[in-house]
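In: whatever this is, show me its structure:
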Amino acid sequence: MVPNRRRVCALLSAIACVISGASAWAQPAPATYTLEPAMVALDNPRLLGEVKRVAITQLVVQFIDRQDGSAVSGGFYGGASAKSSVRLAGPGVAQFQRITDALYDEVLAVVQAAGLEVVPHAELAAQPDWAKLKEAGKPSPVEDEKFTGYGGWAFSPRDLPVLFDSDDEESFMQSNRDPDPRGEQYRSMGSLLGGNSTGARWAEWNLAKALDAHLLKVRVTVPLAIVKTSGGLLSGGASVKVEPLPRIARDVTRFTFRRERAAARVRLDRHLLLPADLLTVETVSKQADNTGGLNRALGLLSSNSAVGEYRLNADPQRYEAEVLAATRATFARFGAQLQAARKPS
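Out: Just a heads-up that it's a prediction; the model follows:
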């Protein structure tokens, strides 16, 4: 007997639901993140006590999906070089945008729970200077190519522009050998310089005045690894290494409240680490040539090198869940610190 087409379709649909349900059931729940007060720092806490009404003009989530590193060394008998690169595989634009959209709602809930009035977005968008501020930025998403070893995507929710302001962000580059220094090392020079716009600054001042509110500018940065490269000591053996370290980054994850020239910040002062098994390392290619050591031992010129290319694989659904859970916990601590700073002494 030929199966009824309707029955076959229903059976296939049921099988698909079972497979989908099994996949969702097998997905581990996100970790529980707890932030101690010491993990958060306040900059200019006095101003935080004056904040009563805010307009959310910026929410930028920066997803680092590529990193590289290099090192060289030299001596009397030659030199050594090491290069390494890593790419994120799995999560993409769909996950990044959903995370960003969800975090906008989270910011709203956190600042309102802290006792602040939030200017409705429609009221903000009706201001003439809002259009000028949007013109100074770029529509989401924005790809930021590698410059200092980091590259990725910046996303904003709704019609908020992707806009970085160098003065507000206190951007600076680090030249020390710390593989993960403090400060703004996650952006390219182009995005560092591109945000310092006089037009954007005037538009912000006018918006704050017209709305009688502080502007709330939110940043989140999600790096993925530590890339270590070494040329050895005085042209010794070259080496490369990638350590998965997914995290919510310190310093550049923060709430900034600004009105005219005054600014205050609630920021993450220590990295919030995500589970180590969120990312798995796959070696795409690796080459090392340290045979120059023999020449060096014989007093001859030597040349050592190491090159590595890696891929960090992540399940898209789990990546999304972990980043959301960790950032929500961070924002909750920001809200608690903000509420405490606003209480009369």
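
In: tell me where this structure has helices.
Out: Here the chain has its helices, by DSSP state H, at 5-26, 45-48, 93-113, 121-125, 128-136, 166-169, 189-194, 198-211, 292-297, 316-342.

In: longest strand in this structure, please.
Out: Across the chain, the strand with the greatest residue count (assigned by DSSP state E) is strand 53-75.

In: Thr32: what's it in contact with?
Out: If you count contacts by CB atoms under 8 Å, 6 or more residues apart in numbering, Thr32 has them with Ala325. In short, each C-beta sits where N, CA and C put it, glycine included.

In: shaky segments in the stretch 151-300 of the chain?
Out: Residues of the stretch 151-300 of the chain that meet the criterion pLDDT under 70 lie in 165-179, 183-185, 187-197, 230-238, 290-300.

In: how about the strands in it?
Out: Ranges of strands in the stretch 151-300 of the chain, per DSSP state E, counting those that start in this stretch, are 214-222, 225-230, 239-244, 247-248, 254-259, 262-268, 272-273, 280-289.

In: any chance you could list what contacts the second one?
Out: Okay, so that is strand 225-230. By CB under 8 Å, 6+ apart, strand 225-230 touches 67-71, 73, 82-86, 149, 179-180, 238-246, 279, 306, 312.

In: and if we set it to 6 Å?
Out: Residues outside strand 225-230 that contact it (CB atoms under 6 Å, 6 or more residues apart in numbering): 67, 69-71, 82, 84, 86, 179-180, 239-245.

In: what's opposite the most centrally placed residue in the chain in the beta bridge?
Out: For the chain, Thr221 is the residue whose C-alpha lies nearest the centre (CA atoms, centre = their mean; 1.8 Å). When bridges are called by DSSP bridges, Thr221 pairs up with Gln62.

In: show me what contacts it?
Out: Thr221 is in contact with 62, 186, 249, 252-253, counting by CB under 6 Å, 6+ apart.

In: out of the residues you listed, give me the two with the largest separation.
Out: Tyr186 and Thr253 (10.6 Å; CB to CB).

In: quick check: the closest residue to Met39 other than its chain neighbours vs Phe255, distance?
Out: In space, and not counting its chain neighbours, Met39 is closest to Arg270: 4.7 Å by CB to CB, 6 or more residues apart in numbering. Separation of Arg270 from Phe255 (CB to CB, to the nearest Å): 16 Å.

In: any idea how far Ala210 is from Lys343?
Out: For Lys343, the distance to Ala210 equals 29 Å [CB to CB].

In: which of these two has more neighbours?
Out: Neighbour totals were compared for Lys343 and Ala210, and Ala210 leads with 16 against 8 (other CB atoms under 10 Å).

In: contacts only, for that one.
Out: Gln127.

In: surely Gly90 touches Glu320?
Out: No. Applying CB atoms under 6 Å, one finds Gly90 not in contact with Glu320, separated by 10.2 Å.

In: so for these two, which residues contact both of them?
Out: Between them, Gly90 and Glu320 share no contacting residue under CB under 6 Å, 6+ apart.

In: residues in contact with stretch 273-286?
Out: By CB under 6 Å, 6+ apart, the list of residues contacting stretch 273-286 reads 31, 244, 246-247, 308-314, 322, 326.

In: could you list the buried residues of that stretch?
Out: Going by neighbour count (16 or more other CB atoms under 10 Å), the buried part of stretch 273-286 is 274, 278-279.

In: Leu48 is nearest to which of the strands of the stretch 151-300 of the chain?
Out: For Leu48, the closest of the strands of the stretch 151-300 of the chain is strand 262-268, at 4.8 Å, according to CB to CB.
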